[in-house]
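Asker: structure of the sequence below:
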Amino acid sequence: MPSKAEELVDLLRTRKETVSVCESLTAGAVCAEIATIPGASSVLRGGLVTYATELKHELAGVPEHVLSAHGPVSAVTARDMARGVRKVCGSSWGISLTGVAGPDMQDGHPVGEVFVGIAGPHWTAAWQAAELVDASRARFIVVNNRDTPLRVLAGHRAQIRRSAVEAGLQALLRVLKEQKLKEQKPAGTNRSTQPLE
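Answerer: Sure thing, here's the model as predicted:
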């Protein structure tokens, strides 16, 4: 059975599309995982490691008002990171990861709270990483400022980072499998492909 990285490289090659990754807590591990696959050079454009909050703005172009209002660990920030790396690297798709690997909470965010962002040609989205991994790799916790339990990645720092890598790959795989590339337009038109459904 192929790994998620193998499956992603194969799917992107088939679609003649590319990917880039903006990473915070995983510090380049998603890019490294993709790069281990033979043929990755045809789909992997590059990546940004924006571990420091200010680099999310300076390198990935996350607006300062987003970081001020939502902080570095949020769905909004993850979407903007994915959008930014896609633009900077000139790729078809952008993946981003931001969150708390531990061992301590960060700015009120519990250990294991991680967001994955995906940016494509026509839209961006973000998910909690814990929604994208096998149930055994996540857990529910009670957080003081919430009235419902929060699902987070489980385990110690290395396990959370590994699960975040899997969640990032899974997010784009899911999107690509759910999207269909429309037929190419006839020769002489301005665009070679129509928008994704």
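
Asker: can we go C-alpha only for contacts and neighbour counts from here?
Answerer: Noted.

Asker: in this protein, which spans are strands?
Answerer: 19-23, 44-49, 93-99, 114-119, 124-128, 138-141, 150-153 (DSSP state E).

Asker: given the fifth one, what are its sheet partners and their directions?
Answerer: It refers to strand 124-128. As defined by DSSP bridges, the strand partners of strand 124-128 come to strand 114-119 (antiparallel).

Asker: kindly report the same for the last one.
Answerer: Paired with strand 150-153 in the same sheet, following DSSP bridges, are strand 138-141 (antiparallel).

Asker: kindly export the strand it pairs with (C-alpha atoms) in PDB.
Answerer: Once non-C-alpha atoms are left out, strand 138-141 reads as follows in PDB (Å, rounded to 0.1, in the frame of the first residue of the first chain):
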ATOM      1  CA  ALA A 138      -6.600  12.300  18.400                       C
ATOM      2  CA  ARG A 139      -8.400  12.900  21.700                       C
ATOM      3  CA  PHE A 140     -11.000  15.300  23.200                       C
ATOM      4  CA  ILE A 141     -10.000  17.700  25.900                       C
END
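
Asker: pLDDT (mean, whole number) over it?
Answerer: On average, the pLDDT along strand 138-141 is 97.

Asker: for residue 12, find the nearest of the strands of the chain.
Answerer: Closest approach to residue 12 among the strands of the chain (CA to CA): strand 19-23, 8.1 Å.

Asker: if we can go back for a sec, what would the strands of the chain look like in JSON lines with mean neighbour count and distance to residue 75?
Answerer: Formatted as JSON lines, these follow (neighbours: other CA atoms under 10 Å; distance: least, CA to CA, whole Å):
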{"stretch": "strand 19-23", "mean neighbour count": "30", "distance to residue 75": "14"}
{"stretch": "strand 44-49", "mean neighbour count": "22", "distance to residue 75": "18"}
{"stretch": "strand 93-99", "mean neighbour count": "31", "distance to residue 75": "9"}
{"stretch": "strand 114-119", "mean neighbour count": "29", "distance to residue 75": "6"}
{"stretch": "strand 124-128", "mean neighbour count": "21", "distance to residue 75": "5"}
{"stretch": "strand 138-141", "mean neighbour count": "16", "distance to residue 75": "18"}
{"stretch": "strand 150-153", "mean neighbour count": "23", "distance to residue 75": "14"}
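
Asker: to residue 159, which of those lies closest?
Answerer: The minimum distance between residue 159 and these falls on strand 150-153, with 8.4 Å, by CA to CA.

Asker: from the rest of the structure, what touches that closest one?
Answerer: The contact list for strand 150-153, computed with CA atoms under 8 Å, 6 or more residues apart in numbering, reads 111-114, 128-131, 137-143, 160, 163-164.

Asker: just the helices from this structure, written as ranges.
Answerer: For the chain, the helices defined by DSSP state H occupy 4-15, 29-35, 53-58, 64-70, 75-89, 157-178.

Asker: quick one, which of those is nearest to residue 46?
Answerer: Closest among these, using CA to CA: helix 75-89, at 6.3 Å.
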